[in-house]
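Chemist: generate coordinates for the sequence data below:
(chains A and B)
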Number of protein chains: 2
Amino acid sequence: MNSVRVPVVEKILNANDQIAGQNRLLLDRAGVFALNLMASPGAGKTSLILKTIEGLSPLFRLGVIEGDTAPVTIDADKVAAAGMPAVQINTGGECHLDAVMVGKALESLSLPDLDLLIIENVGNLICPAAFKLGAHANVLIASIPEGDDKPYKYPNIYRGIEALILNKIDLKPYIHFDQDYFLRGVEMLNPGLKFFPLSCTTGDGLPAWLAWVSEKVHNVKS
Amino acid sequence: MNSVRVPVVEKILNANDQIAGQNRLLLDRAGVFALNLMASPGAGKTSLILKTIEGLSPLFRLGVIEGDTAPVTIDADKVAAAGMPAVQINTGGECHLDAVMVGKALESLSLPDLDLLIIENVGNLICPAAFKLGAHANVLIASIPEGDDKPYKYPNIYRGIEALILNKIDLKPYIHFDQDYFLRGVEMLNPGLKFFPLSCTTGDGLPAWLAWVSEKVHNVKS
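Modeler: Residues are numbered from 1 along each chain as shown, chains lettered A, B, ... in the order given. Reported below is the predicted structural model:
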């Protein structure tokens, strides 16, 4: 089956990368810094987005693109309730966002009115890693309950990111998680990666994350 | 892009289902009950397998097929350490097992020497739902830290299962999880689904799961 599929997949990926380039150009022209936020289901993507809105909306104009595999608006509703422009992409069962979907969503946002755009990818540690969207930074959220072996088991997604968040550190007292083992795996795949251990529940560690994002937004503007 | 992809995907799925049928025939002839165990990364697939081995190996002859997207043997090593025949499938980055991969793995197991075969699928709530393997039952493990909204966000995988486990119930005191909301979503998608809330850490709820599996193994034998 692989011999049939590989050429098809390569064609799709090449076409995707071209459109991702066009998306980036649109974002750069408008001076918008875009984040592609990836994670396993339930690691805390929407929670992090809400905390980022809370922390940065006094400083920047934020927008959100919400990727979902089903026509539910649970996450988009939460973001809209926080007063931010939110566009939902329903992938219709597809397991990741791609550059075409994001390109269409960009058309329905007023980019000149934004400084920071967060794209919430579909909850999945495998497929999103292969599809560039045109964002300036790919960010992965890992979480304590997922276990410390994830970099070893899902290496591709750890290789292609600019920052790693380890969420739910408030659960450390109740769950065995060997952070040294976890970070050794990360370092092997992506040496020197920016790392933000934090808790969206308690707020611990959030300031460092918010400072990093702020610096990135300023860099795109300047 | 969808217009290009759909016919290719349909052809692949049809071919897959045929081979899944062949796998099922092999299993039935040998009197082996096979489970396809699916879950999000870190929900506890390997922990449940180890607990099932512990509980049922005095009664039945067990074997395990371990699906991984990377050439790591962390899970296969744990199963082998528990004294069970384990075959590892490295999908080479693919986001799910398929019937061809499982068919090859079946060739390297001595089926007449088994009563129960557990197939650990790749950690993913989306792609594995579309690929039949030939197993007698598809089982999904959800877990408390993933959140109570997963049936609403990943409906396809909830539709195609014969049993649902809710793992990590020992973490309930520390995490907000509305079990009624979760179960309303499940009931909408898959009415009357067998449901096993349990904890692989404390052992709570495991007896009901082990009893269900035992009954299924007996049914295939009789």
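Chemist: C-alpha from now on. contacts and neighbour counts both.
Modeler: Fine.
Chemist: out of all of them, which helix in chain A is the longest?
Modeler: Using DSSP state H to define each element, chain A has its longest helix at helix A:2-30.
Chemist: mind listing what's buried along it?
Modeler: A:12-13, A:16-17, A:19-24, A:26-28, A:30 (16 or more other CA atoms under 10 Å in any protein chain shown).
Chemist: what's the angle between that helix and helix B:2-30?
Modeler: Per axes from the mean of the first three to the mean of the last three CA atoms, to 10 degrees, the angle that helix A:2-30 makes with helix B:2-30 is 140 degrees.
Chemist: from chain B, how far out is A:Thr46?
Modeler: 12 Å (CA to the nearest CA, to the nearest Å).
Chemist: same question for A:Ser57.
Modeler: Note on A:Ser57: its distance to chain B, by CA to the nearest CA, is 26 Å.
Chemist: what pLDDT does the residue nearest the centre of chain A get?
Modeler: Closest residue to the average C-alpha location of chain A: A:Leu37 at 0.5 Å, with CA atoms, centre = their mean. The model reports A:Leu37 with a pLDDT of 98.
Chemist: now it, what's its secondary structure?
Modeler: strand (DSSP: H, G, I helix; E, B strand; the rest coil).
Chemist: ok now the helix or strand of chain A with the lowest mean pLDDT, how far from the chain's centre?
Modeler: In chain A, no helix or strand scores lower on mean pLDDT, DSSP states H and E than helix A:2-30, which sits at a mean of 82. Its chain's C-alpha centre and that of helix A:2-30 lie 18 Å apart, by CA atoms, centre = their mean, to the nearest Å.
Chemist: which helices and strands does it pack with?
Modeler: helix A:99-107 (3 or more CA pairs under 8 Å, 6 or more residues apart in numbering or on different chains; DSSP states H and E).
Chemist: angle of the helix it packs on against helix A:2-30?
Modeler: 20 degrees.
Chemist: which helix or strand lies directly C-terminal to helix A:99-107?
Modeler: The first helix or strand that comes after helix A:99-107 along the chain, using DSSP states H and E, is strand A:116-120.
Chemist: touching chain B at all, the helix or strand that that next one is followed by?
Modeler: Along the chain past strand A:116-120, the next helix or strand (assigned with DSSP H and E) turns out to be strand A:137-143. No - Strand A:137-143 does not reach chain B (CA under 8 Å from any CA of the partner chain); its nearest approach is 9.4 Å.
Chemist: after strand A:137-143, next one along is what?
Modeler: helix A:150-153.
Chemist: counting contacts, what elements does whichever helix or strand comes after that next one pack onto?
Modeler: Next along the chain after helix A:150-153, taking DSSP H and E as the criterion, comes helix A:155-159. With contacts taken as 3+ CA pairs under 8 Å, 6+ apart, helix A:155-159 sits against helix A:179-189.
Chemist: flag every buried residue along the helix or strand that the helix it packs on is followed by.
Modeler: The helix or strand immediately downstream of helix A:179-189 is strand A:194-197, counting by DSSP H and E. Neighbour-count burial for strand A:194-197, counted by 16+ other CA under 10 Å, picks out A:195-197.
Chemist: contacts for strand A:194-197, please.
Modeler: A:162-167, A:169, A:205, A:208-209 (CA atoms under 8 Å, 6 or more residues apart in numbering or on different chains).
Chemist: now with 7 Å?
Modeler: Contact with strand A:194-197 is made by A:162-167, A:169, A:205, A:209, as judged by CA atoms under 7 Å, 6 or more residues apart in numbering or on different chains.
Chemist: hmm, which two among those residues are most spread apart?
Modeler: Greatest spacing in these, by CA to CA: A:Glu162 and A:Ile169 (20.5 Å).
Chemist: those two: who's more crowded?
Modeler: A:Ile169 (21 against 17; other CA atoms under 10 Å in any protein chain shown).
Chemist: report the contact partners of the more buried one.
Modeler: Taking CA under 7 Å, 6+ apart, one finds A:144, A:197-199 in contact with A:Ile169.
Chemist: one more time with 6 Å
Modeler: Taking CA atoms under 6 Å, 6 or more residues apart in numbering or on different chains, we find A:Ile169 in contact with A:198-199.
Chemist: try A:Ala43
Modeler: A:Ser143.
Chemist: try 7 Å
Modeler: A:Ala43 neighbours (CA under 7 Å, 6+ apart): A:141-143, B:146.
Chemist: okay, it: pLDDT?
Modeler: 97.
Chemist: in chain A, where is pLDDT below threshold?
Modeler: A:1-6 (pLDDT under 70).
Chemist: residues of it that sit close to chain B?
Modeler: Residues of chain A found near chain B (CA under 7 Å from any CA of the partner chain) are A:40-43, A:69-70, A:72, A:95, A:124, A:126-127, A:145-147, A:152-154.
Chemist: thanks a lot, catch you later.
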